[in-house]
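Asks: Have a look at this prediction, sequence included:
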Amino acid sequence: MKINEWNIDSLTGAYRKRSLSPVEVAKYCLSAIEKRGKDLNCFLQVREDAVLASAEDLEKKFNDKAKLPLYGVPIAIKDNFLVDGWQATAASKILQGYVSPYTATSVERLEAAGALIIGKTNLDEFAMGSSNENSAYGPVKNPWDTSRVPGGSSGGSAAAVAAHLCWGALGTDTGGSIRQPASLCGVVGLKPTYGRVSRYGVIAFASSLDQVGPFGRSVNDVARMMEAMAGYDRKDATSSRSVVPVYTESVARASAKNARFGVAKELLEGLDPEVRQSFDLLVQTMVANGAKVVDVSLPHSRYALSTYYLIAPSEASSNLARYDGIHYGYRSKGSRGELEQVYLKSRGEGFGPEVKLRIMLGTYALSAGYYDAYYGKANQVRQLISQDFVQAFEKCDCVLMPTSPSVAFKFGEKAADPLKMYASDVCTLPINLAGLPSVSVPSGLSSDKLPIGVQFVGRHFEEQRILDLAAAYEKLRGPFPIAPGVRE
Ligand code: GLN
């Protein structure tokens, strides 16, 4: 097996035996990014000098640092996280040239655990999108089929992990942006409970929904990253003080025996037949291995799409007000210094069409006279969606559902029709609205050899349980195929 196929623990194990060094691995990643990453367009920034300098530093400090859990593990960061000295564009023209003055807590904690930051990944502008076609820097291609989208908004992170250009990546999930691209690219992606990982230093999209989470090639790799970055942060008022378990300890012993899974029939409508088949097969596998499956009902989830597309744009319209052409990044040259013109022209030229659409929708939904009917009402429905899950979890410990209604679609297939695009989030949105943790795991390949994913959804702060069950499934499923081109 080539180094790039090793998991995180094998990699750190080899470092500790001194049979491999972080500089060698950094060079491997840089050359793989050069060879494959350019074509996939999954990275927006790779600072070769900075990466090599960090790798050398790790080598020099071997005696102190080699025992760290992520020592020398190359990890890519979605470009809506701030990393001191690196650009942060959120894939928007309006942040072109903006260099972060400090580092996000999640990234800081990964680095403190020994991780090597390898680059910043492409995304949909301000994390708004499901296909990566909304990036101001061109779309990311899916490593399984480059005529197809990688999903969004964290498509760059998912593609980079699937193409073995790094060992893990960070993403954000506001409505599905970690799980849906993980599913479409055949990797594991975890959206933790709202408040589990600090959002400090992450460019805000919809603050009541945004959550940071890891991508990896296996559940154990994702659990390793979570251990390093989860937990209270005084710089994020919504971060939770609940204790962070050592996730990997229990993941290693995971079994499906006696687990109680809930399946909601409502959420199995309108799926691609192959997605449905893969889901049914997973359920059968779990039952054959001692799990119980019960019917649960999530009746209000059918309103999740309309609820989310009121709440998220409303909060985005408020968060994005700060990009005024003065404080950050891009300023229009045509504004001749008149204040109002600076605002209007910079925003007009700096934001892309989807972002403008959301700002307009959100501003309307929040405006006097409409607030109660839209944002207010949507928040009431959000409560009902949450309540359904509370009831479902009285009967089971984990709800199983598909991650995406379809496999990766072709470029342009949904881009012209926002409603079609929004519908690709139908399986992921209810979970964000309820603030629950969910991990997407590859469950099979379609007849076109495209990955399919299933998500394991848990109670608040029960990441451990869903990671265990996902790991148990992973063992039963066996090794997942590697994307074409990686082994060449
Ligand atoms: N696709 C959803 C949207 O466009 C979710 C995005 C996200 O989770 N960041 O809003």
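Replies: Received, thanks.
Asks: And the pLDDT for whatever residue of the stretch 201-350 of the chain ends up closest to the ligand?
Replies: Residue nearest to the ligand within the stretch 201-350 of the chain: Ala312 (5.2 Å; CB to the nearest ligand atom). The way it works is simple: take the backbone N, C-alpha and C, and place the C-beta from them, glycine included. We have a pLDDT of 98 for Ala312.
Asks: what's the residue closest to the geometric middle of the chain?
Replies: Ile178 (2.2 Å; CA atoms, centre = their mean).
Asks: For it, give me its contacts.
Replies: The contact partners of Ile178, taken as CB atoms under 8 Å, 6 or more residues apart in numbering, are 154, 157, 171-172, 189-191, 213-215, 440.
Asks: on that earlier part again, so the residue of the stretch 201-350 of the chain closest to the ligand lies in a strand, does it not?
Replies: No - Ala312 is assigned helix when assessed by DSSP: H, G, I helix; E, B strand; the rest coil, not a strand.
Asks: any idea how far Gly168 is from it?
Replies: 26 Å (CB to CB, to the nearest Å).
Asks: Please apply the same query to Gly362.
Replies: Distance from Gly362 to Gly168, by CB to CB: 33 Å.
Asks: could you pull out the strands for the stretch 101-250 of the chain?
Replies: 116-121, 168-172, 188-191, 212-216 (DSSP state E, counting those that start in this stretch).
Asks: quick one: terminal-to-terminal distance for stretch 78-85?
Replies: 15 Å (CA to CA, to the nearest Å).
Asks: wait, does it contact the ligand?
Replies: No - with CB under 6 Å from any ligand atom as the measure, stretch 78-85 is seen stopping short of the ligand, the closest distance being 8.7 Å.
Asks: Contacts for that stretch, please.
Replies: 44-45, 50, 77, 87-91, 99-104, 106-107, 117, 120-123, 126-127, 154, 156-157, 169-172, 201-203, 205, 212.
Asks: What residues sit buried inside it?
Replies: Of all the residues in stretch 78-85, those buried under the rule 16 or more other CB atoms under 10 Å are 78-83.
Asks: what's the closest of those to the ligand?
Replies: Nearest to the ligand among the buried residues of stretch 78-85, with distances taken as CB to the nearest ligand atom, is Asn80, at 8.7 Å.
Asks: give the contact list for Leu68.
Replies: 112-114.
Asks: Ok, Tyr232 next?
Replies: Tyr232 touches 198, 239-241, counting by CB under 8 Å, 6+ apart.
Asks: Most neighbours out of the residues you listed, which is it?
Replies: Comparing the contacts of Tyr232 by number of neighbours (other CB atoms under 10 Å), Ser198 comes first, having 24 neighbours.
Asks: There's contact between it and Ser240 in this structure, I believe.
Replies: No - taking CB atoms under 8 Å as the definition, Ser198 is not a contact partner of Ser240, at 9.8 Å.
Asks: neighbours around Asn258, how many?
Replies: Asn258: 9 neighbours (other CB under 10 Å).
Asks: can you give me the helices in the stretch 1-150 of the chain?
Replies: For the stretch 1-150 of the chain, the helices defined by DSSP state H, counting those that start in this stretch occupy 8-16, 22-32, 38-40, 48-60, 62-65, 105-112.
Asks: Just give me the neighbour total for Val342.
Replies: Residues near Val342, counting by other CB under 10 Å: 18.
Asks: which helices and strands sit right next to the host helix or strand of it?
Replies: Assigned by DSSP states H and E, Val342 belongs to helix 339-350. Helix 339-350 sits against no helix or strand, with contacts defined as 3 or more CB pairs under 8 Å, 6 or more residues apart in numbering; DSSP states H and E.
Asks: hmm, who's touching that helix?
Replies: 92-96, 323-326, 329-332, 334-335.
Asks: quick one: contacts of stretch 300-309?
Replies: 175, 209, 264, 266-267, 361, 378, 381-382, 384-385, 387-388, 422-423, 425-426, 429-430, 432-433.
Asks: Up against the ligand, what does the protein have?
Replies: 127-130, 152-153, 172-177, 205, 312, 425.
Asks: switch the cut-off to 5 Å
Replies: Neighbours of the ligand within the chain, by CB under 5 Å from any ligand atom: 127-130, 153, 173-177, 425.
Asks: Make JSON lines out of those and add pLDDT.
Replies: Shown next, in JSON lines, are these (pLDDT from 0 to 100):
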{"residue": "Ala127", "pLDDT": "98"}
{"residue": "Met128", "pLDDT": "98"}
{"residue": "Gly129", "pLDDT": "97"}
{"residue": "Ser130", "pLDDT": "97"}
{"residue": "Ser153", "pLDDT": "98"}
{"residue": "Asp173", "pLDDT": "98"}
{"residue": "Thr174", "pLDDT": "98"}
{"residue": "Gly175", "pLDDT": "98"}
{"residue": "Gly176", "pLDDT": "98"}
{"residue": "Ser177", "pLDDT": "98"}
{"residue": "Asp425", "pLDDT": "94"}
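Asks: That's all I had, so thanks and see you.
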